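1. The amino acid sequence is not available; the structure is as follows:
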């Protein structure tokens, strides 16, 4: 089984109202050390065994075109392999 | 500067309609190898220098009580330290 963890975050400089709201809440809750908060998505996908190269290429392509918005978001993909 | 990355995911077995929708889309887009998809949140927080022990304890507490729902979600927190 192969697991892809896709992490999608707003790019630096893009206004992130959800992050801003959490930042205000943290300061209010006593974390005055808080500088910045960004909120993004984590997508964990498990795949059956497959051609690894093709799989990685396809997941990269789908993340860029469907799961994220490259104009305002950046993403990274982490891969793990488990068992047989 | 200290950076906390909080990863919040629905617990195994909890119905995740957003993950289900992405699973269907992936299969439709040609990724028939897709077994399961879970969608969660990534929250990246940057802090000024502070007492590390207190900071970690406080962030853990706030994540449990405010940022996640422990009934249906699990979380992990990754810490990084940068510069001086």
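-> Right, received. Where do you want to start? Fair warning: this is a prediction, and the values are worked out from it, not measured in the lab. Numbers count the residues shown, from 1 in each chain, chains lettered A, B, ... in the order given.

2. And the residue located most distally from the centre of chain A, how far from residue A:72?
-> For chain A, the largest distance from the centre (CA atoms, centre = their mean) belongs to residue A:30, which lies 27.4 Å off. Separation of residue A:30 from residue A:72 (CB to CB, to the nearest Å) stands at 31 Å. For every residue, glycine as well, the C-beta is placed using N, CA and C.

3. Quick one, grab the pLDDT at the closest residue to residue A:82 other than its chain neighbours.
-> Ranked by CB to CB, 6 or more residues apart in numbering or on different chains and with sequence neighbours excluded, the top spatial neighbour of residue A:82 is residue A:1, at 5.0 Å. pLDDT, residue A:1: 92.

4. How about the contacts made by residue A:1?
-> By CB atoms under 8 Å, 6 or more residues apart in numbering or on different chains, the residues touching residue A:1 are A:46-49, A:81-83, B:35.

5. switch to 7 Å and redo it
-> Neighbouring residues of residue A:1 by CB atoms under 7 Å, 6 or more residues apart in numbering or on different chains: A:46-48, A:82-83.

6. Just the closest of the residues you listed to residue A:58, please.
-> residue A:47 (10.0 Å; CB to CB).

7. quick revisit: name the nearest residue to the residue farthest from the centre of chain A, sequence neighbours excluded.
-> That would be residue B:58: by CB to CB, 6+ apart, it lies 6.7 Å from residue A:30.
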